[in-house]
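Asker: Fold the following and give me the result.
(2 chains)
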There are 2 protein chains.
Amino acid sequence: MDSVVEAPVLAVLADPTRARIIQLIRDAEGGRAMVSRLAEQLGLRQPTVSHHMAALHAEGLVVREPEGRRVWYSISPDEADRVTALLGAPALAAEEPDWDRVVDDLAARYHGVFSRETIARYLTDSRDLLAARGPAPLLASRSAAFTTARLDDLHSLEQPAGTPSVLFVCVQNAGRSQLAAGILRQLAGDQVIVRTAGSAPAAEVRSVIVTALDEIGVTLGGEFPKPLTDEAVRAADIVVTMGCGDACPIYPGRRYLDWDLADPVGQPMSVIRAIRDDIYRRVRTLLEELVGTPGP
Amino acid sequence: MDSVVEAPVLAVLADPTRARIIQLIRDAEGGRAMVSRLAEQLGLRQPTVSHHMAALHAEGLVVREPEGRRVWYSISPDEADRVTALLGAPALAAEEPDWDRVVDDLAARYHGVFSRETIARYLTDSRDLLAARGPAPLLASRSAAFTTARLDDLHSLEQPAGTPSVLFVCVQNAGRSQLAAGILRQLAGDQVIVRTAGSAPAAEVRSVIVTALDEIGVTLGGEFPKPLTDEAVRAADIVVTMGCGDACPIYPGRRYLDWDLADPVGQPMSVIRAIRDDIYRRVRTLLEELVGTPGP
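Answerer: Next up, the predicted model:
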């Protein structure tokens, strides 16, 4: 994205009436509204609202949908994400997740491996853990993903696959551990199982971390901050702690490494890049020890 | 996120001076600035700028960092993503990706499988394909991820692993194919290899699709829209087309299915949910045929 291109959208929404119109359309039934109804809601004359609509339409923020002699306006799908960022998520857009359905789907996936009861218990526990610090984004899908990682770890304890596994643990699971995990996945592919956790997980991986990874071609994938759980530690061959040493339970038979790294929180991009490259070198050495991957 | 909580941030930034202050701080060296420098840049008196800073600080948009008798201001890390959404990405935040380094890393990953030259060729081609329609978000990491998927497909043609693979193709690779792929990954775990493509890929998966998936506990993961490539079709056992039938090359030995589904583009959430659930039933039936997964 380019800040020069984006500027007009900001300018249009800096007008409180236009920002309110966008909000009303977005929250209207079916996500669309007519000028007559908007005028009523705003207490403005129809020609005034039509004037605002023309400006919003010219900026590409709304799309027109004629129906006979009337015209519906809705948010341009291309701008929906920006509108959400500006106005916050719509109050009633997302339905309450259907948790039973999630359990059914995971029960199909783990048929013959885990019972429906075990899956339901882990899903509830994972949801509670992710929501423990307040409203959590994408709670249902992340709870399900957290559950599958935990069940896979449990399964690997019973039937070890022989693939080495590494668990990276930092405080927020939003910076150092995500950098390390992304880099190891990039270098190792499916030769190593990679997990992450935090002793006090944040709500979201910071966008500066996503950028720092992208600069070296590494994707965050669908990763998100999550707390440390018992089976994650038990399933790991190597546990790498970064600034959270004491929070990590010690089990025999695992190798523990403590990496002394600066905390990227609140640092400018240049420092974050230096931390990333420090982590890169350590991950590369670790991988060479694990699977003997040669240097470039 | 809650629109009631978010409203004050929007209100603060609707003030053009405050929006400009945020932009100046964000683009300053090290991402921080002092009142004296801001006053100079804005052509305002220091007490006026201090007044604005107090408001921005009260709203949590900026953090203070005292240094002796002076105070640095920077964007609150918690608000960085919102500020980016409002102002667009910073002009110089991301460095040009180090493409050679990306090739080195993938060469380490595919050591003994693909040569550095082959990897470099696929990476360049993947980057060109993703950037063909203009500036592409997260270009380096997505090019690398696209490359690894393509190389894995190539490898599977030489050494079939026995895992069935399904390729979902729609027009934009941003709606129907992503819904189908997310649901199949959720239900099948690693029993099926799942790929997606579009005949005219969009820049980004729409947030309504992320929401529709989240409601049923399915994560999008790191998926992104990408074009149809030859090896994706060749590596697939089953190719499911959705609204793009003619764009897909036909190879012998593959099974082709054409699913007649409504296009979710521009539809309200209720219609998108109905499309999602239609796809869900089809995916479930397909999976039962493939691996005999039992119903719940």
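Asker: When you work out contacts or count neighbours from here on, use the C-alpha atoms and nothing else.
Answerer: OK.
Asker: So which residue is dead centre in chain A?
Answerer: residue A:224 (4.9 Å; C-alpha atoms, centre = their mean).
Asker: who touches it in this structure?
Answerer: The contact partners of residue A:224, taken as C-alpha atoms under 8 Å, 6 or more residues apart in numbering or on different chains, are A:142, A:173, A:174, A:203, A:204, A:205.
Asker: As a markdown table, those with secondary structure and neighbour count would be great.
Answerer: A markdown table is the format used below for the contacts of residue A:224 (DSSP: H, G, I helix; E, B strand; the rest coil; neighbours: other C-alpha atoms under 10 Å in any protein chain shown):
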| residue | secondary structure | neighbour count |
| --- | --- | --- |
| A:142 | helix | 27 |
| A:173 | coil | 29 |
| A:174 | coil | 28 |
| A:203 | coil | 20 |
| A:204 | coil | 17 |
| A:205 | coil | 18 |
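Asker: out of those, which touch chain B?
Answerer: residue A:142 (C-alpha under 8 Å from any C-alpha of the partner chain).
Asker: what does the stretch 151-296 of chain A put close to chain B?
Answerer: A:186-189, A:206-207, A:211-223, A:265-266, A:268-270, A:293-296.
Asker: redo that, cut-off 6 Å
Answerer: A:187, A:188, A:214, A:215, A:216, A:217, A:218, A:219, A:221, A:222, A:268, A:296 (C-alpha under 6 Å from any C-alpha of the partner chain).
Asker: where exactly do the helices run in the stretch 151-296 of chain A?
Answerer: For the stretch 151-296 of chain A, the helices defined by DSSP state H, counting those that start in this stretch cover A:176-188, A:207-214, A:230-235, A:269-291.
Asker: weakest of those in terms of mean pLDDT?
Answerer: Lowest mean pLDDT of the helices of the stretch 151-296 of chain A: helix A:207-214, a mean of 88.
Asker: So what touches that helix?
Answerer: Applying C-alpha atoms under 6 Å, 6 or more residues apart in numbering or on different chains, the contact partners of helix A:207-214 are B:138, B:140, B:141.
Asker: What's the separation between residue A:35 and residue A:44?
Answerer: 10 Å (C-alpha to C-alpha, to the nearest Å).
Asker: try residue A:64
Answerer: With C-alpha to C-alpha as the criterion, residue A:64 and residue A:44 are 20 Å apart.
Asker: ok, the two, which is more surrounded?
Answerer: Using other C-alpha atoms under 10 Å in any protein chain shown as the criterion, residue A:64 and residue A:44 rank with residue A:64 on top: 16 against 13.
Asker: How about that one, nearest residue that isn't a chain neighbour?
Answerer: residue A:73 (4.9 Å; C-alpha to C-alpha, 6 or more residues apart in numbering or on different chains).
Asker: Identify the bridge partners of that neighbour.
Answerer: Residues in a beta bridge with residue A:73, per DSSP bridges, are residue A:33, residue A:64.
Asker: just residue A:167 next, same as before
Answerer: So, taking DSSP bridges as the rule, residue A:167 has residue A:195, residue A:239 as bridge partners.
Asker: who are the neighbours in contact with it?
Answerer: Residues A:195, A:196, A:236, A:239 are the ones in contact with residue A:167 under the rule C-alpha under 6 Å, 6+ apart.
Asker: rerun that using 10 Å as the cut-off
Answerer: Residues near residue A:167 by C-alpha atoms under 10 Å, 6 or more residues apart in numbering or on different chains: A:177, A:180-181, A:193-197, A:228, A:232-241, A:256.
Asker: can you pull the contacts of the most far-flung residue of chain A relative to its centre?
Answerer: Relative to the centre of chain A, the most outlying C-alpha is that of residue A:69, 43.6 Å out, by C-alpha atoms, centre = their mean. For residue A:69, the contact set (C-alpha under 10 Å, 6+ apart) is empty.
Asker: Kindly indicate which of the contacts of helix A:207-214 lies nearest residue A:158.
Answerer: Lowest distance from residue A:158 to the contacts of helix A:207-214 (C-alpha to C-alpha) belongs to residue B:141, with 34.8 Å.
Asker: so that closest one sits in a strand?
Answerer: No. The assignment for residue B:141 by DSSP: H, G, I helix; E, B strand; the rest coil gives helix, which leaves it out of any strand.
Asker: Not counting sequence-adjacent ones, nearest residue to it?
Answerer: residue A:217 (3.7 Å).
Asker: quick one, phi psi at the one you found?
Answerer: phi 80, psi 20 (degrees, to the nearest 10).
Asker: and it, how far is that from residue B:63?
Answerer: When residue A:217 is compared with residue B:63 (using C-alpha to C-alpha), they lie 31 Å apart.
Asker: same deal with residue A:186?
Answerer: 34 Å.
Asker: Surely residue A:155 touches residue A:114?
Answerer: Yes. Counting by C-alpha atoms under 10 Å, residue A:155 does reach residue A:114; the two are 8.7 Å apart.
Asker: Pipe the contacts of helix A:207-214 into a markdown table and attach neighbour count and pLDDT per row.
Answerer: Formatted as a markdown table, the contacts of helix A:207-214 follow (neighbours: other C-alpha atoms under 10 Å in any protein chain shown; pLDDT from 0 to 100):
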| residue | neighbour count | pLDDT |
| --- | --- | --- |
| B:138 | 18 | 89 |
| B:140 | 27 | 93 |
| B:141 | 26 | 94 |
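Asker: Compare neighbour counts for residue A:186 and residue B:63 and give me the winner.
Answerer: residue A:186 (23 against 20).
Asker: Could you dump the helices of the stretch 151-296 of chain A into a markdown table with distance to residue B:121 added?
Answerer: As requested, those are exported to a markdown table (distance: least, C-alpha to C-alpha, whole Å):
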| stretch | distance to residue B:121 |
| --- | --- |
| helix A:176-188 | 18 |
| helix A:207-214 | 19 |
| helix A:230-235 | 38 |
| helix A:269-291 | 24 |
